[in-house]
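Student: Sequence plus the predicted model coming up.
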Amino acid sequence: MRGFVIDHPERLSGSWEVKGDHAIYGLHIQLTTKVNGAPTTLIGAQQIFHSALIEVYERTGPTRKVGDGSWFSDELPQLLWTDRHLVIKESAAKTGPKVQLDLIFDPVSTSWSGRFRRGTVDRPVTSFALIRKLELPEAHL
């Protein structure tokens, strides 16, 4: 997706979670975009996808802790993100549990669905819901 225009990156950024039997499973997506020129506001500005960091995690407490997840960069060959489709295929984990995802984003329902595998957890997910929108300061460019 690098170099492509991304409409409303704030709709994808943040923590997405689904409740499991014994834990909460989630994704935390950090998107970076760039804007050509020198706009004074991001409203109406065309934002271009620059990079993404994605944490795939499993938490048992009220918040995520260090070690709850595995981080992936969109630069890694095991991560493929095209438009609304996110795939992570980690064949062997160096540290932490093995991760495999195959998720589709639905902009109408604002949710992710598909297959979630992390360690011993392997389940279909019908709806990862955004739990916290990123609180971004107003852009003053």
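Tutor: That came in fine, so what should we check first?
Student: how much space between S73 and K89?
Tutor: From S73 across to K89, the span is 14 Å (Cβ to Cβ, to the nearest Å). From N, CA and C alone the C-beta is placed, and that goes for glycine too.
Student: Pull the number of nearby residues for R118.
Tutor: 24 (other Cβ atoms under 10 Å).
Student: Outside of the helix or strand hosting R123 itself, list whatever touches it.
Tutor: Element membership for R123, per DSSP states H and E: strand 121-132. Strand 121-132 has contacts (Cβ atoms under 8 Å, 6 or more residues apart in numbering) with 14-18, 20, 23, 25-27, 58, 103, 109-117.
Student: In contact with the residue nearest to the spatial centre of the chain, which residues?
Tutor: The centre of the chain sits closest to I29, judged by Cα atoms, centre = their mean, with a distance of 3.1 Å. Counting by Cβ under 8 Å, 6+ apart, I29 makes contact with L12, S13, G14, S15, W16, A52, L53, I54.
Student: What strand or helix carries it?
Tutor: Judged by DSSP H and E, I29 forms part of strand 24-35.
Student: C-terminal to that strand, what's the next element?
Tutor: strand 47-59.
Student: in that following strand, what's buried?
Tutor: Q47, I48, F49, H50, A52, I54, E55, V56, Y57, E58 (16 or more other Cβ atoms under 10 Å).
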